[in-house]
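Visitor: Give me a 3D structure for the following:
(2 chains)
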Amino acid sequence: MAQTLYDKVFNAHIVEQLGEDTLLYIDRHLIHEVTSPQAFAGLNEKGRKVRRPDLTFGTMDHSISTRSLALDACGPQNKLQLQTLAINCEQHNIELYPVGHKNQGIVHVIGPQLGLIQPGMTVVCGDSHTATHGAFGALAFGIGTSQVEHVLATQTLKQSKAKSMKVEVSGSLPLGVTAKDIILAIIGEIGHAGATGHVIEYCGQAISELSMEERMTICNMSIEAGAKAGLIAPDNKTVDYLQGREFAPKGAQFDEARQYWESLYSDDNAEFDAVVVLQAKDIEPQITWGTNPGQVVGVNQAIPSPDDFDDPIEKESAIKALKYMGLEAGQTWDDVKVSHVFIGSCTNSRIEDLRAAATVAAKGKVKSDITAIVVPGSVEVKQQAEEEKLDKVFIDAGFEWRLPGCSMCLGMNDDILQPGDRCASTSNRNFEGRQGRGARTHLVSPEMAVAAAIQGNFTDSRKFEA
Amino acid sequence: MRAPERFNRKNEQKRKIMTGFTSLRGKAAPLDQANIDTDQIIPKQFLTGVTRAGYGKHLFHDWRYLDLHEQEPNPDFALNKDQHKGAKVLLARENFGCGSSREHAPWALADFGFECIIATSYADIFYGNCINNQLLPITLLSAEMDALFAAVNEDPSVEFHIDLESQSVVVGSLSFTFDIAEHHKQNMLKGLDAIGQTLEYDTSISQFEAARPQWL
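Guide: As a prediction, the model looks like this:
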């Protein structure tokens, strides 16, 4: 029977079939300070060991400062959490990349960068943006802390098979439109909960033409459509990306692995439970106007009216969102001023994101009343950017150049906004209060974020790229 | 002499997990809104803890309090209203618990006193986290939710009788049944140690590991 990519990866990891549940083997377990301490405490209480410390990797990213390497830079609670991770990793023999280590960075940036994530793997992490790693054709999904404990103890998880959804983006992407715009347009199309219970496979010409880092941006926000995971079938770009990375297979093993990777695609006649098709030529730079990522429009569209929605729940959500966001129906984007710009997060903090942002930053200066920060995704990204002198471009334009971490995406450190602040953010969530109580978040691409910093209000970034 | 609060809470959690969830009788609090995300349920500034206890006081912080220090309750927020105090059931709408995977969300709901949520739909990760914490997530149709909200709005003290074995919600003259996957039901009913259960398959796991390619 014809199989989807999801079927193939899922089936290759079945340890036992337990009624409706499947005991699934986990190839990579990534951990960080926020969602792991209670899991280790649970293990320790019962005297259980970590089954495969060699398949488990930790980093510090959420609770750390982007101005200082000191663990207590954001207060004693954050310090305790970071120290707890360090102690747990040491006690259980787990490789940890603490603040200051050359491999440290946002968990979803360092995993791929180190070659830890390979096609066909199962990957979990106590973090919903684990879907990022689906860019490699790995089945990657976020889990809760009880499940983190379960994986630590058994290297398996009980899982039910999800439904499958194919999202095809046909044709080539217009110039100046980015992977971020594709995924925001998809979420706008299917809705914030449109893929709940599904694993999405992204395909089509526009997806094939993306780089690996752009594919990570797409898969990263699968959860924002409610999906369990997002997948893209591996191709030559995937293989080239992995070649030579620290934890990727070497020599003959690489060739053996490659043969397996080449078998990972959805068969021609494979059936999906749902199919969505978008035309790439119709996508323009996107901006979210509301308080969930599905509330999004193109930069040249006006802010919608609640009356535009037939569904009573969507209508109600729109009324509430416009009020929280301080926007009015029919307003155009050049009428919306920003106070803050954040470039970073597991969605858009990789070297290609910073290069794209720097291209626009070189065309102007950040408006004097705007605070704009650039937070690279990892130490390696930061070093690479500095070698290319991108840091100078940002600093000259008026941006602050920070240390790697999750930063203002969720503000578990001191990178938080005040009530009423309005931020053009390259992150992934525009929920009420996400970046600070009463603060207003607009999700955009790196180019659009920089264009807003230079212009003072939202504007089509393509005018700076000509 | 009173034992320290933390000690009590820990014991309570253990007891609950050992006994499982069979049924409950109690009031419900209405939160008539779709897409309530886990950032809203428990905001990031409360995620720096290293234990599972004590998140209830910060539940719905931004909506529940007018100030940052949790001194001024928002009188308009449902959970602050006298008639909903002591509710064991939370009513919500579609896509409840979307967003971040933080298990702190069900920990906060349970610590506050909720034992059951009834909503139109849930985000996947949140749903699993509830099951793993003995917080029963019941899914009902939109029209059934309308009826439950109306019942609570009419009489906030109306008793909800929830029975997991028969998969039923009875409120006055209203009676609905709900679906739940059999393995989730059994986990909830028996309060089993999921890790202990899986460790019984240790031989199968070892066999699987022996067959994995070396490059993994």
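Visitor: From now on I want contacts and neighbour counts done on CA atoms only, so please keep to that.
Guide: Will do.
Visitor: spatially speaking, which residue is in the middle of chain B?
Guide: Residue closest to the average C-alpha location in chain B (Cα atoms, centre = their mean): residue B:135, at 3.8 Å.
Visitor: gap between that residue and residue B:165?
Guide: 15 Å (Cα to Cα, to the nearest Å).
Visitor: My read is that residue A:109 contacts residue A:344, right?
Guide: No - assessed by Cα atoms under 8 Å, residue A:109 is found out of contact with residue A:344, at 10.8 Å.
Visitor: Report the set of residues contacting both of those two.
Guide: residue A:377 (Cα atoms under 8 Å, 6 or more residues apart in numbering or on different chains).
Visitor: and stretch B:89-109 with chain A, contact?
Guide: Yes - for a cut-off given as Cα under 8 Å from any Cα of the partner chain, stretch B:89-109 has contacts with chain A, namely B:95, B:98, B:99, B:100, B:101, B:102, B:103.
Visitor: Give me the distance between the two termini of that stretch.
Guide: 10 Å.
Visitor: what mean pLDDT does that stretch have?
Guide: The average pLDDT for stretch B:89-109 rounds to 98.
Visitor: so where do the helices sit in chain B?
Guide: B:5-19, B:38-41, B:61-64, B:104-112, B:124-131, B:142-154, B:182-190, B:194-199, B:202-211 (DSSP state H).
Visitor: need the residues of the stretch 101-250 of chain A near chain B, please.
Guide: So far as Cα under 8 Å from any Cα goes, the stretch 101-250 of chain A lies against chain B at A:126-128, A:142-146, A:150, A:153-154, A:193, A:196-197, A:223-224, A:226, A:228, A:249.
Visitor: quick one: the residue nearest to the centre of chain B from residue A:460, how far?
Guide: Taken as Cα to Cα, the span from residue B:135 to residue A:460 is 46 Å.
Visitor: low pLDDT regions in chain B?
Guide: Applying pLDDT under 70 to chain B flags residues B:1-19.
Visitor: interface residues of the stretch 351-466 of chain A facing chain B?
Guide: A:410, A:411, A:412, A:429, A:431, A:432, A:433, A:434, A:437.
Visitor: Measure how buried residue A:167 is and give me the count.
Guide: By other Cα atoms under 10 Å in any protein chain shown, 21 other residues sit near residue A:167.
Visitor: I meant residue B:107, not that one.
Guide: The number of residues near residue B:107, taken as other Cα under 10 Å, comes to 24.
Visitor: In contact with it, which residues?
Guide: B:52, B:53, B:55, B:56, B:133.
Visitor: Can you tell me which of the residues you listed is nearest chain A?
Guide: When these are compared for distance to chain A (Cα to the nearest Cα), residue B:52 wins out at 6.3 Å.
Visitor: Spit out the contact partners of that closest one.
Guide: A:38, B:104, B:107.
Visitor: what's the burial count for residue 39?
Guide: Since no chain was named, I'll use chain A. 24.
Visitor: other chain: chain B
Guide: For residue B:39, using other Cα under 10 Å, the count is 26.
Visitor: Any figure for the gap between residue A:111 and chain B?
Guide: Note on residue A:111: its distance to chain B, by Cα to the nearest Cα, to the nearest Å, is 14 Å.
Visitor: Just want the residue of the stretch 301-450 of chain A that's nearest chain B.
Guide: residue A:412 (5.7 Å).
Visitor: so that residue sits right up against residue A:62, yeah?
Guide: Yes - counting by Cα under 8 Å, residue A:412 touches residue A:62, with 6.2 Å between them.
Visitor: Not counting residues beside it along the chain, what's closest to residue A:116?
Guide: Of all residues not flanking residue A:116 in the chain, residue A:247 sits nearest, at 5.3 Å (Cα to Cα, 6 or more residues apart in numbering or on different chains).
Visitor: in stretch A:326-343, what's buried?
Guide: A:327, A:332, A:333, A:334, A:337, A:338, A:339, A:340, A:341, A:342, A:343 (16 or more other Cα atoms under 10 Å in any protein chain shown).
Visitor: Of those, which is the nearest to residue A:90?
Guide: Among the buried residues of stretch A:326-343, residue A:343 lies closest to residue A:90 (Cα to Cα), at 33.0 Å.
Visitor: got a list of what the closest one touches?
Guide: Taking Cα under 8 Å, 6+ apart as the test, what residue A:343 contacts is A:349, A:372, A:373, A:374, A:375, A:425, A:426, A:427, A:446, A:449.
Visitor: what about residue A:83, distance to chain B?
Guide: Taken as Cα to the nearest Cα, the span from residue A:83 to chain B is 10 Å.
Visitor: Helix, strand or coil: sort out that residue for me.
Guide: helix (DSSP: H, G, I helix; E, B strand; the rest coil).
Visitor: Around it, count how many other residues there are.
Guide: Residue A:83: 17 surrounding residues under other Cα under 10 Å.
Visitor: roughly how far apart are it and residue A:149?
Guide: 19 Å.
Visitor: With residue A:371 instead?
Guide: From residue A:371 over to residue A:149 (counting by Cα to Cα), the distance is 40 Å.
Visitor: So which of the two has more stuff around it?
Guide: residue A:149 (25 against 17).
Visitor: Show the backbone phi and psi for the more buried one.
Guide: The phi and psi values for residue A:149, taken as degrees, to the nearest 10, are phi -60, psi -40.
Visitor: That one: what's it in contact with?
Guide: A:36, A:39, A:40, A:42, A:43.
Visitor: again, but for residue A:452
Guide: A:338, A:341, A:424, A:458, A:459.
Visitor: Taking these, tell me the two that lie furthest apart.
Guide: Maximum distance among the contacts of residue A:452 (Cα to Cα): 13.4 Å, for A:341 and A:459.
Visitor: related to what we said a few turns ago, give me the number of residues near the residue nearest to residue A:116?
Guide: With other Cα under 10 Å as criterion, residue A:247 counts 18.
Visitor: Residue A:236 too?
Guide: 10.
Visitor: gap between it and residue A:131?
Guide: Counting by Cα to Cα, the gap from residue A:236 to residue A:131 is 21 Å.
Visitor: Next, the contact list for the residue nearest to the centre of chain B, please.
Guide: Taking Cα under 8 Å, 6+ apart as the test, what residue B:135 contacts is B:106, B:110, B:114, B:115, B:116, B:117.
Visitor: Of these, which is the nearest to chain A?
Guide: Nearest to chain A among these, with distances taken as Cα to the nearest Cα, is residue B:106, at 10.1 Å.
Visitor: wouldn't that closest one be in contact with residue B:128 here?
Guide: No - contact criterion Cα under 8 Å: residue B:106 and residue B:128 do not qualify, at 10.0 Å.
Visitor: Comparing those two, which shows the higher neighbour count?
Guide: For residue B:106 versus residue B:128, the count of surrounding residues by other Cα under 10 Å is larger for residue B:106: 29 against 22.
Visitor: which residue sits closest to the more buried one, ignoring its sequence neighbours?
Guide: Closest to residue B:106 by Cα to Cα, 6+ apart is residue B:130, at 5.8 Å.
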